[in-house]
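Undergrad: when you get a sec, could you give me coordinates for this:
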Amino acid sequence: MCGIVGYIGNKDAVPILLKGLQRLEYRGYDSAGISVIGNDGIQIVKQAGKVSALAKAVDDSPVSGSVGIAHTRWATHGEPNDTNAHPHSDDDGTFSLVHNGIIENHASLRTYLQEQGVTFGTDTDTEVLVQLIAYLYKKDGISFEQAVQSALREVVGAYGIAVTCREEPDTIIIARLGSPLVLGIGDDEYFIASDASPIVEYTRKVVYLDEGEMVCIRPDGYEVKHIQDDTVLSKEVQDIDLSVEQIEKGNFPHFMVKEIHEQAHTIPDTLRGRLLADEGTAHLGGIEDWIPRFESAHRIYITACGTSWHAGLIGKYLIEEYANIPVHVEYASEFRYRRSIVDKDTLVLAISQSGETADTLAAVKKAKEKGALTVGICNVVGSSIARETECGIYTHAGPEIGVASTKAFTAQVTVLYMLALRLGKIAGMSAIEGRTLAKALTDIGKNAEQILDSSAEIEKVAWEYRDAENFLYLGRGLNFPVALEGALKLKEISYIHAEGYPAAEMKHGPIALIDEKMPVVFLAPHDMTFEKVLSNISEVKARKGMIITLTDKKTKDLSDLSDHLIVVPTSHPRIFPILATIPLQLLAYHLAVIRGCNVDQPRNLAKSVTVE
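TA: Down below sits the predicted model:
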């Protein structure tokens, strides 16, 4: 959600900034802009639409300079148009600013500044911040750095910002509170970005900003301070474990299908070195020092948003079954605002692909205040949730560029399987049961490859339903969350309305929707729920619904009832949810492509949701 890029050094900043914005397109945005300091002061070009439209505008009105900032905006305050696009400047062009996040007290600050004679040109909360910086700079006669610091002490909300000043053209100031920023360190040059993807092409040396920190960057060095108390801080320089190849599509037409196919490797990568198949358990290094707290826990909360919430629901089933600990799964946006039963005997698992999800991060902070042990499950090393939680487990999915999460979801679920095994061993789960499940997990990579080889068959199914306006996804037990996830994927990228339900709940409302135009996707593994799901399929068949069945064994009864049968290979019924997810992802992908949708950047969505 929104993206920031900055450069200061001895090269022309414009190509670096534009390429950086292209690297950040996956985050979701509706306008883009660039600001550089040249001989004529601050030069700004901004454009509603894609980065390609901005690049054309820059070609039409060339700008150049060795200091610059750029931005992709996901609209919060004000329409997504040229005027409201970032960067923003004050009324006489002394400052230029880009901003991720929301300034919550922007209305009162705007009123105050208007009373002081400041004129506004946009509807955004961001312009309020740059106008406040300029007002303090001119009124008090203070330095660029002091003006930024003073302004940030007045604002309430979340921000990641980068600011330049015409009067101090060799300086960029960045700051964060609730929205991530990273500083890349090159040879006599510095790079700024919302995440590491725009930086990796130029340097592997980075500094991650923590909450409440700001950095004053000049060609000859940088200084990190705490915004509130002016303390100068010493920060560790870290190495990025990321390659350019990982953030490019390669031979695939879209990032999403590339990442779907990568699951044959990312799931085994997440298991590698952790799953102890012969012992029927797992060694999770990130939590081992905290196992006594796990052992004494009376309850577990899993908090997450969107796709990660669906992973949490699967985790609930697994942990309660194998570890016999009560688990509550709650949307982070709800957890943070209600009275939850959380104390020192509670574990709070926070799941987030990016590790920057604003609501999930707020839920972690609330849980810590109440004395709970917080555990992060995320994909990005050095992310806010990874730093804020006491312990955690990385998913090893690699960078995920497509907005609709695929490989990150299955990696999260894989981690939860291993956590259930680890907690199950503490709770006395039998060694035979543990080994059986662990062995099945080791087979997932080759099973996934078989499913991916059937992509063309799933595409044929998609062609038959390309004109459908609604889908229903149904599953029981562990497969109910998979139904939710399948429906979400379809909604996100094909814009077809879809709902996921427990199969038995179909009779309590959704059955009224079923007719010959309604495709219904059933998750029907041959487990203890199979006969019940088969009855539900018959109920849909009797009402002329179109039936797509995912199962782990082709049988005559399923073949007779189903219009389309998709079989996934699995050696254990508990593994079915991970493998069934892959054909659902492929179905959504093929439908979106057939319908001409923007698969990697679906409308109105953002990859990393860093605001409420």
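Undergrad: and the helices in the stretch 101-250 of the chain?
TA: In the stretch 101-250 of the chain, the helices defined using DSSP state H, counting those that start in this stretch lie at 106-115, 125-140, 144-152.
Undergrad: run through who's touching the last one.
TA: Around helix 144-152, the neighbours that count as contacts under C-beta atoms under 8 Å, 6 or more residues apart in numbering are 129, 132-134, 136-137, 140, 142, 159, 163, 165, 167-168, 171, 173, 175, 177, 214, 216, 225, 227, 230. Every residue, glycine included, has its C-beta placed from N, CA and C.
Undergrad: now these: which count as buried?
TA: 129, 132-134, 136-137, 159, 163, 165, 168, 171, 173, 175, 177, 214, 216, 225, 227 (16 or more other C-beta atoms under 10 Å).
Undergrad: buried ones in the top helix by length along the chain?
TA: In the chain, assigned by DSSP state H, the helix with the most residues is helix 407-427. For helix 407-427, the neighbour count (16+ other C-beta under 10 Å) marks 407-426 as buried.
Undergrad: got it, and stretch 212-229?
TA: Using 16+ other C-beta under 10 Å as the test for burial, stretch 212-229 gives Glu213, Met214, Val215, Cys216, Ile217, Tyr222, Val224, Lys225, Ile227.
Undergrad: could you work out the end-to-end span of that stretch for me?
TA: 10 Å (C-alpha to C-alpha, to the nearest Å).
Undergrad: need the mean per-residue confidence for it.
TA: Mean pLDDT, stretch 212-229: 93.
Undergrad: identify the residues contacting that stretch?
TA: 8-10, 145, 148-149, 152-153, 170-177, 183, 188-190, 192, 207, 209, 231-235.
Undergrad: now do stretch 232-252: distance to the chain's middle.
TA: 16 Å (C-alpha atoms, centre = their mean, to the nearest Å).
Undergrad: which outside residues touch it?
TA: Contact with stretch 232-252 is made by 23, 185, 196-197, 199-201, 204-208, 213, 223-226, 255, 258, 261, 381-382, 398-399, 401, as judged by C-beta under 8 Å, 6+ apart.
Undergrad: distance between the ends of that stretch?
TA: 46 Å.
Undergrad: and the average pLDDT for that stretch is what?
TA: 80.
Undergrad: now do stretch 504-515
TA: Rounded mean pLDDT across stretch 504-515 is 86.
Undergrad: flag every buried residue along that stretch.
TA: Neighbour counts over stretch 504-515 (16+ other C-beta under 10 Å) mark Met506, Pro510, Ile511, Ile514 as buried.
Undergrad: from those residues, which is closest to His106?
TA: Pro510 (42.1 Å; C-beta to C-beta).
Undergrad: in contact with the closest one, which residues?
TA: Contacts for Pro510 were tallied using C-beta under 8 Å, 6+ apart; they are Leu472, Glu499, Tyr501.
Undergrad: SS state for the closest residue to His328 other than its chain neighbours?
TA: Excluding the flanking residues, the one nearest His328 by C-beta to C-beta, 6 or more residues apart in numbering is Tyr301, at 5.0 Å. With DSSP: H, G, I helix; E, B strand; the rest coil as the basis, Tyr301 sits in strand.
Undergrad: was I right about Tyr301 contacting Asp345?
TA: No: using C-beta atoms under 8 Å, Tyr301 is not in contact with Asp345; the gap is 11.6 Å.
Undergrad: give me the phi and psi angles of Tyr317.
TA: Phi and psi for Tyr317, reported as degrees, to the nearest 10, are phi -60, psi -50.
Undergrad: surely it touches Gly477?
TA: Yes: in this structure, Tyr317 is within contact of Gly477 by C-beta under 8 Å, at 6.5 Å.
Undergrad: quick one: the helices in the stretch 451-600 of the chain, in order.
TA: Along the stretch 451-600 of the chain, counting by DSSP H, counting those that start in this stretch, helices occupy 455-464, 479-494, 530-542, 556-561, 576-594.
Undergrad: isn't Leu276 right next to His283, touching?
TA: Yes: using C-beta under 8 Å, Leu276 makes contact with His283 at a distance of 5.9 Å.
Undergrad: more neighbours, the two?
TA: Neighbours per residue (other C-beta atoms under 10 Å) separate Leu276 from His283, with Leu276 holding more: 17 against 13.
Undergrad: so what's that one up against?
TA: The contact partners of Leu276, by C-beta under 8 Å, 6+ apart, come to Ala282, His283, Ala438.
Undergrad: now, those residues that are in helices?
TA: Using DSSP H, these in helices are Ala438.
Undergrad: in CSV, list the contacts of Leu276 along with distance to Arg543.
TA: Shown next, in CSV, are the contacts of Leu276 (distance: C-beta to C-beta, whole Å):
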residue, distance to Arg543
Ala282, 44
His283, 50
Ala438, 42
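Undergrad: which among the contacts of Leu276 gets closest to Glu334?
TA: Looking across the contacts of Leu276 and measuring by C-beta to C-beta, the closest to Glu334 is Ala282, at 30.1 Å.
Undergrad: could you measure from that closest one over to Leu313?
TA: Distance of Ala282 to Leu313, given as C-beta to C-beta, to the nearest Å: 20 Å.
Undergrad: between these two, tell me which one has more neighbours.
TA: The residue with more neighbours, out of Ala282 and Leu313, is Ala282; 25 against 22, by other C-beta under 10 Å.
Undergrad: show me what the more buried one bridges to in the sheet.
TA: For Ala282, the beta-bridge partners under DSSP bridges are Leu275.
Undergrad: quick one: residues contacting it.
TA: By C-beta under 8 Å, 6+ apart, the contact set of Ala282 is Arg274, Leu275, Leu276, Met418, Leu419, Leu421, Arg422, Ala438.
Undergrad: do the same with Ile432
TA: Per C-beta under 8 Å, 6+ apart, neighbours of Ile432: Gly280.
Undergrad: let me know the pLDDT of it.
TA: pLDDT for Ile432: 91.
Undergrad: in a strand, it, correct?
TA: No: Ile432: not assigned to a strand; according to three-state DSSP it is helix.
Undergrad: hang on, the earlier thing: and Tyr301 and Asp345? Which one has more around it.
TA: Per other C-beta under 10 Å, whichever of Tyr301 and Asp345 has more neighbours is Tyr301, with 23 against 14.
Undergrad: in stretch 15-34, what's buried?
TA: 16-34.
Undergrad: swap in stretch 522-531?
TA: Phe522, Leu523, Ala524, Pro525, His526, Asp527, Thr529, Phe530.
Undergrad: for that stretch, the distance to its chain's centre please.
TA: Chain-centre distance of stretch 522-531: 31 Å, with C-alpha atoms, centre = their mean.
Undergrad: same thing with stretch 353-363?
TA: Per C-alpha atoms, centre = their mean, the centroid offset for stretch 353-363 relative to its chain is 9 Å.
Undergrad: my read is that Gln22 contacts Lys50, right?
TA: No: look at Gln22 against Lys50 with C-beta under 8 Å: they stay out of range, at 9.4 Å.
Undergrad: and Asp560, how many neighbours does it have?
TA: 11.
Undergrad: repeat for Asn105
TA: 14.
Undergrad: just Ile240 next, same as before
TA: By the measure other C-beta under 10 Å, the count of residues near Ile240 is 18.
Undergrad: if I look at it, how far off is Asn379?
TA: 14 Å.
Undergrad: what do you get for Lys460?
TA: Look at Lys460 and Asn379: by C-beta to C-beta, they are 32 Å apart.
Undergrad: give me the more crowded residue out of those two.
TA: Using other C-beta under 10 Å as the criterion, Lys460 and Asn379 rank with Asn379 on top: 27 against 10.
Undergrad: which residues touch the more buried one?
TA: Asn379 touches Gln353, Ser354, Gly355, Tyr394, Thr395, His396, Ala397, Gly398, Glu400, Ala408, Ala411, counting by C-beta under 8 Å, 6+ apart.
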